[in-house]
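Peer 1: just coords:
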C-alpha cells in the first residue's frame, strides 16, 4: 500500500471552519466515486511542522493500492464532478507539499488523535529495516512505519505513526520531528 501525503495550510485570512468545510467536501467527493486503485483518504489537523513554516496546518493521507493508481487519482481529483470541489479548496490554500510513502511495518491504522514522528536516519546506515523494526516494536501496539518513495517535497524519509503519546527511543544519529494530529475526516481509510 502507498500513501500520497499532502501537507497544506490556508491563507492567513481564511477562517479555519471554511477551510475545513472545503477540505471535508473534497474528501467526501473522493470517497463517493473513487478512482481505480484508490483505497480511501483521511484529513488531519496538525501541529507546527518545519515544512509548513513552523506553523500548524493539515495533512491528507490518500491511500492507493500501488504507484500505478496515482495517475488515475490525479486525473480524477481535478476533473469532472471533482473539479468544483478541488477548485474550492485549492483557492483557499496558501502552500502545499506532497510526498509518496510506502507502508513498511504495521497495518497503517491510527486513532482519531495520533502523533507522527518524521525520521531521518544517519547517512551510511544500510540496514535501516532492522533499526526501524526495533524502534516501532519499542513504541507499542498500533504503531506503523512508512518510507518515502520519492522526494517530492520536504517530508522526511520515514514516518512512524502511533498513539497521541508516541515517544520513540531513537538510536544515535537518528533525528525525529513529532507532529500531533487530529483526524477531521477519514471514511474508507483508517490512517
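Peer 2: Nice, I can see it. Owing to the predicted nature of the structure, the values given are computational and were not obtained by experimental measurement.
Peer 1: only C-alpha atoms for contact and neighbour calcs from this point on.
Peer 2: Will do.
Peer 1: Show me which positions of the helix or strand of the chain with the lowest mean pLDDT end up buried.
Peer 2: Using mean pLDDT, DSSP states H and E, the weakest-scoring helix or strand in the chain turns out to be helix 128-137, at a mean of 89. Buried residues in helix 128-137, defined by neighbour count with 16 or more other C-alpha atoms under 10 Å: 132, 133, 135, 136, 137.
Peer 1: how about this protein, which residue sits the furthest from its center?
Peer 2: No residue in the chain sits farther from the centre than residue 124, which is 26.6 Å out by C-alpha atoms, centre = their mean.
Peer 1: Which stretches in the chain count as strands?
Peer 2: Ranges of strands within the chain are 2-10, 38-49, 55-64, 93-105, 113-120, 144-150, 158-163, 175-185, based on DSSP state E.
Peer 1: so of these, which one's packed in deepest?
Peer 2: strand 158-163 (a mean of 25; mean count of other C-alpha atoms under 10 Å).
Peer 1: any residues touching that strand, and which ones?
Peer 2: For strand 158-163, the surrounding residues in contact (C-alpha atoms under 8 Å, 6 or more residues apart in numbering) are 108, 110-111, 113-120, 136, 139, 142-148.
Peer 1: The lengthiest helix in the chain versus strand 175-185: what angle between them?
Peer 2: Looking across the chain with DSSP state H, the single longest helix is helix 16-32. Put simply, helix 16-32 runs at 80 degrees to strand 175-185, going by axes from the mean of the first three to the mean of the last three C-alpha atoms, to 10 degrees.
Peer 1: ok so, going back, and the contacts of the least confident helix or strand of the chain?
Peer 2: 105, 121, 143, 144, 145, 160, 168, 169, 170.
Peer 1: now do the same end-to-end measure for stretch 133-147.
Peer 2: Stretch 133-147 has its terminal residues 12 Å apart, counting by C-alpha to C-alpha, to the nearest Å.
Peer 1: how far is that stretch from where the chain is centred?
Peer 2: 16 Å (C-alpha atoms, centre = their mean, to the nearest Å).
Peer 1: Same check on stretch 23-31?
Peer 2: Relative to the chain's own centre, stretch 23-31 is displaced by 16 Å; criterion: C-alpha atoms, centre = their mean.
Peer 1: in the sheet, who's paired with residue 183?
Peer 2: residue 44 (DSSP bridges).
Peer 1: circling back: export the strands of the chain to CSV and append columns for distance to residue 75 and mean pLDDT.
Peer 2: Converted to CSV, the strands of the chain look like this (distance: least, C-alpha to C-alpha, whole Å; pLDDT from 0 to 100):
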stretch, distance to residue 75, mean pLDDT
strand 2-10, 14, 96
strand 38-49, 12, 95
strand 55-64, 14, 95
strand 93-105, 16, 95
strand 113-120, 29, 95
strand 144-150, 20, 92
strand 158-163, 27, 95
strand 175-185, 22, 94
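Peer 1: mind giving me a markdown table with those strands and columns for distance to residue 22?
Peer 2: Converted to a markdown table, the strands of the chain look like this (distance: least, C-alpha to C-alpha, whole Å):
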| stretch | distance to residue 22 |
| --- | --- |
| strand 2-10 | 11 |
| strand 38-49 | 11 |
| strand 55-64 | 12 |
| strand 93-105 | 10 |
| strand 113-120 | 21 |
| strand 144-150 | 28 |
| strand 158-163 | 26 |
| strand 175-185 | 12 |
